[in-house]
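Colleague: structural data only, the sequence is not supplied:
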């Protein structure tokens, strides 16, 4: 068994002494399956440098990409969902919330913050898919509504970054109410002539697509993002027709007039700064 342990020339290695790479340093691109080092992901703004696939990221990463020097003030950070319906499926909704908060370090599926992009003030509300699938509950709607009120009070443009599986079933009608609530608030923002940019990322579906995600003065998306309302199976059963290939991709949605631009994440900050300057003038 000597070949398990070599001691010649001062080298001592055993299988017990082998060190594994810490979790999170390497992962695999979901598209091309090639290994990506974490430092390379950060440097390339979480875009695969082999195939340009835009990796799914959350509010922490988007804030670091967009805000100048990653400096911002978080808004309404202490809001937590209640359990008005006392929902129980395989487990209590309150237990699901506690598990998600512990796992992600987030209070809910959205964070809002005020900072600067190339010196221009901007409020960003960004959804996090890792928190119960980025589902839209009462806290998501309330944070968006309060962010819009903050923008109106301070005359600051608003950017909404959507990433969601749709309405949160555990809150039922309370979740669906957020569609009308946020849409009404956006109407007030428009009346105040304050710019609203909507950024749709992978995936943006359900009631989020059917409300605030599609109401921007400018609607933009990242390349390859899944954008839709219902799933392909439901749509096919409803219309009784075969669906075109890739019909829920950002590129298809742009071609059919529901988006204004598709913007690479590495160019996003510069593009947003240009849009803000243009609308301010």
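Modeller: Sure thing, it's come through. Worth saying up front: this structure is predicted, and the values here are computed from it rather than measured.
Colleague: what is the closest residue to residue 67 other than its chain neighbours paired to in the beta sheet?
Modeller: With Cβ to Cβ, 6 or more residues apart in numbering as the criterion, residue 67 has its nearest non-adjacent residue at 3.8 Å, and that residue is residue 115. To be clear about C-beta, it is placed using only N, CA and C from the backbone, and glycine gets the same treatment. Counting by DSSP bridges, residue 115 forms beta bridges with residue 72, residue 122.
Colleague: over to residue 204?
Modeller: On the basis of DSSP bridges, residue 204 is bridged to residue 164, residue 227.
Colleague: hang on, isn't it packed against residue 227?
Modeller: Yes: if you go by Cβ atoms under 8 Å, residue 204 and residue 227 touch, sitting 5.1 Å apart.
Colleague: re the thing from before, how near is the residue nearest to residue 67 to residue 106?
Modeller: Distance of residue 115 to residue 106, computed by Cβ to Cβ, to the nearest Å: 18 Å.
Colleague: do residue 198 as well
Modeller: Distance from residue 198 to residue 106, by Cβ to Cβ: 21 Å.
Colleague: repeat for residue 134
Modeller: Counting by Cβ to Cβ, the gap between residue 134 and residue 106 amounts to 11 Å.
Colleague: which neighbours do the two share?
Modeller: Counting by Cβ atoms under 8 Å, 6 or more residues apart in numbering, the residues touching both residue 134 and residue 106 are residue 128.
Colleague: who has more neighbours, these two?
Modeller: Between residue 134 and residue 106, residue 134 has the larger neighbour count (other Cβ atoms under 10 Å), namely 26 against 18.
Colleague: let me know the pLDDT of the closest residue in space to that one that isn't next to it in sequence.
Modeller: Leaving aside its chain neighbours, residue 134 sits nearest to residue 164 (3.9 Å; criterion: Cβ to Cβ, 6+ apart). Looking at residue 164, its pLDDT stands at 97.
Colleague: OK, contacts around residue 164?
Modeller: By Cβ under 8 Å, 6+ apart, the contact set of residue 164 is 109, 127, 129, 133-136, 203-206, 208, 213.
Colleague: in those residues, find the pair that's most separated.
Modeller: 133 and 213 (15.1 Å; Cβ to Cβ).
Colleague: more neighbours: which of the two?
Modeller: The neighbour comparison of residue 133 against residue 213 (other Cβ under 10 Å) goes to residue 213, with 27 against 18.
Colleague: now do the contacts for the more buried one.
Modeller: 160, 162, 164, 198, 200, 204, 219.
Colleague: one more time with 7 Å, if that's ok
Modeller: Each residue near residue 213 by Cβ atoms under 7 Å, 6 or more residues apart in numbering is listed here: 162, 198, 200, 204.
Colleague: so the second one is in contact with residue 221, correct?
Modeller: The one in question is residue 198. No: counting by Cβ atoms under 7 Å, residue 221 is not a contact partner of residue 198; they are 9.0 Å apart.
Colleague: which one of those two is surrounded by more residues?
Modeller: The neighbour count for residue 198 versus residue 221, taken as other Cβ under 10 Å, is higher for residue 221 (28 against 23).
Colleague: and stretch 260-271, which residues are buried?
Modeller: Neighbour-count burial for stretch 260-271, counted by 16 or more other Cβ atoms under 10 Å, picks out 260, 262, 263, 265, 268, 269.
Colleague: inside helices: which ones of those?
Modeller: 265, 268, 269 (DSSP state H).
Colleague: can I get those in CSV with pLDDT and distance to residue 88?
Modeller: Output for those, formatted as CSV (pLDDT from 0 to 100; distance: Cβ to Cβ, whole Å):
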residue, pLDDT, distance to residue 88
265, 98, 40
268, 98, 41
269, 98, 44
